[in-house]
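Student: Just need the structure, nothing else, for what follows:
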Amino acid sequence: MFTFKLLAIIAFIAVVESARPIPQSKSISLAELESYIQELDSTNGFKELFDSLGDPTTQLKTWNYASLPANIPKHRYPPPNDSLLTYDETRVQLTKLPNDQHSDFINANWIDNYARDYSYIATQCPIDSTIDDFYRMVWEKNVHEVVALASPHDIEKGKCSRYFPEKDAKYGGLEINLERKEEYPDIVVRIYSLKKDDLVRVFVHHHFVSWPDLGVPEDPQQLLNLILKYRSSDTYTQAWPLAVHCSAGVGRTGTFLLTDAMFESALETGRVDFFTHLKLMREQRISVVEKPEQYRLAHLVVLEAYKQGLFDKNNKNVNLRDHIVDVNNNKNTANNRGGHVIRNDKGPAWTDHSAYNKQLGFGGMVAPRPVPCAA
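Tutor: Model (predicted):
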């Protein structure tokens, strides 16, 4: 009798749970964000919302060009075992090289910010054979900053080629010189000069080293630090696209881009809509944000920024660097630019990037607006 009653109770709970509607995503104000997160946490709402978007690996657009036999070797995770290819509609298109009709291809997609098209480039970490293509993309698309989310463990395991040199190198027709290296908690910043013919540009490589594949950082402040670090760089401008990669360029990359886009939305409008924006991102690149935990993390990072007053339009003196915190020691790291500066033995380490830009005669070139490409 007891067993029968227990089974009946379990069945009733299952019916109630199945009948409970999935929490509705909506555009919410920053003042509502904390209670919204608490509600989702108490009802398993993050997972339900995430699952309602569908399987991240579902192909939503055509990828005919990426599937051509000549382009299959350029994917880090090609079919038949994996299918992390690039949609035709949003793929980043390079200039074709002589005698190579498929040299315009790279595994990268344009991703929109909350209100601006072509704000980001989501890409896989280069494989050895595509490092030249990566730097061609950097130069052609006027990328002056890249956020690298692949960990040192990823590099050791061959999930990411070491395309960022520690000494002078040549890739993609560019002379690449490491001018400065800065080490912070969780982040290593490398400042390069890229030279082609008589043109020289600054290229800043923000390497976040503490994000496990298919997981999340231990503290939302760590990811907030990364956003603040790249946004406070002297090369930061919304006129140029930001390139972001992890290993495959989907899970961690998508999480960062969703977070940054909602950071921008909060900054400009005081409101956020994570669900709607992730739905859009999924139509631009497959598998972006792979786990409910990653989706939840994006909310927590924006909430942390809100609590720190970073979106307060009445405060005209907000300095992003003042909010970069070493979560291990719980102290601000901005006043000394965050930590240890490694000098290049070719010359002095510049005290800031603006002086470095002046030294190079950097002129603030504006990227042309990208256009959708045909397959």
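Student: ok, which stretches of the stretch 51-200 of the chain are strands?
Tutor: 91-93, 105-111, 120-123, 145-148, 169-171, 174-184, 187-196, 199-208 (DSSP state E, counting those that start in this stretch).
Student: Same list, those, but as a markdown table with mean neighbour count, distance to Asp154 and mean pLDDT please.
Tutor: Yep, even glycine has a C-beta here, placed from its N, CA and C like the rest. What follows is the strands of the stretch 51-200 of the chain, written out as a markdown table (neighbours: other C-beta atoms under 10 Å; distance: least, C-beta to C-beta, whole Å; pLDDT from 0 to 100):
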| stretch | mean neighbour count | distance to Asp154 | mean pLDDT |
| --- | --- | --- | --- |
| strand 91-93 | 23 | 22 | 98 |
| strand 105-111 | 26 | 16 | 98 |
| strand 120-123 | 27 | 15 | 98 |
| strand 145-148 | 23 | 10 | 98 |
| strand 169-171 | 16 | 20 | 97 |
| strand 174-184 | 19 | 19 | 96 |
| strand 187-196 | 20 | 14 | 97 |
| strand 199-208 | 20 | 11 | 97 |
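Student: Just tell me which of these ends up closest to Leu85.
Tutor: Leu85 lies closest, by C-beta to C-beta, to one member of these: strand 105-111, at 7.4 Å.
Student: tell me the contacts of Ala169?
Tutor: Ile176 (C-beta atoms under 8 Å, 6 or more residues apart in numbering).
Student: Pull up the gap between it and Leu178, please.
Tutor: 9 Å (C-beta to C-beta, to the nearest Å).
Student: Any stretches of this protein with poor pLDDT?
Tutor: Applying pLDDT under 70 to the chain picks out residues 1-25, 316-317, 329-375.
Student: Try it again at 90.
Tutor: Scanning the chain for pLDDT under 90 picks out 1-26, 79-83, 115-116, 212-215, 233-239, 312-375.
Student: Could I get the contacting residues of Tyr120?
Tutor: 110-113, 241-244, 257, 260-261.
Student: 10 Å - rerun?
Tutor: 109-113, 147, 241-244, 253, 256-257, 260-261, 281, 284-285 (C-beta atoms under 10 Å, 6 or more residues apart in numbering).
Student: Those residues in helices, which ones?
Tutor: With helices taken from DSSP state H, the overlap with these comprises 253, 256-257, 260-261, 281.
Student: Please convert those residues to a markdown table, extending it with distance to Ile155 and neighbour count.
Tutor: Listed next are the ones in helices among the contacts of Tyr120 as a markdown table, based on distance: C-beta to C-beta, whole Å; neighbours: other C-beta atoms under 10 Å:
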| residue | distance to Ile155 | neighbour count |
| --- | --- | --- |
| Thr253 | 16 | 31 |
| Phe256 | 18 | 30 |
| Leu257 | 21 | 28 |
| Asp260 | 23 | 26 |
| Ala261 | 27 | 26 |
| Met281 | 26 | 20 |
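Student: any idea which of these is closest to Thr62?
Tutor: Using C-beta to C-beta, these come closest to Thr62 at Met281, 17.4 Å.
Student: now that we're looking at the closest one, which residues does it contact?
Tutor: Going by C-beta under 10 Å, 6+ apart, Met281 touches 109, 111-112, 120, 122, 254, 257-258, 261, 288-289.
Student: Of the residues you listed, which is the nearest to Asp322?
Tutor: Ala261 (23.2 Å).
Student: For the closest one, which residues are in contact?
Tutor: Ala261 makes contact with 111-116, 119-120, 272, 274, 277-278, 280-281, 298, 302, according to C-beta under 10 Å, 6+ apart.
Student: Mind jotting down where the helices sit in the stretch 201-350 of the chain?
Tutor: In the stretch 201-350 of the chain, the helices defined using DSSP state H, counting those that start in this stretch lie at 220-231, 251-269, 274-282, 292-307.
Student: nearest to Asp213, of the ones you listed?
Tutor: For the helices of the stretch 201-350 of the chain, the distance to Asp213 is smallest for helix 251-269, at 7.2 Å, taking C-beta to C-beta.
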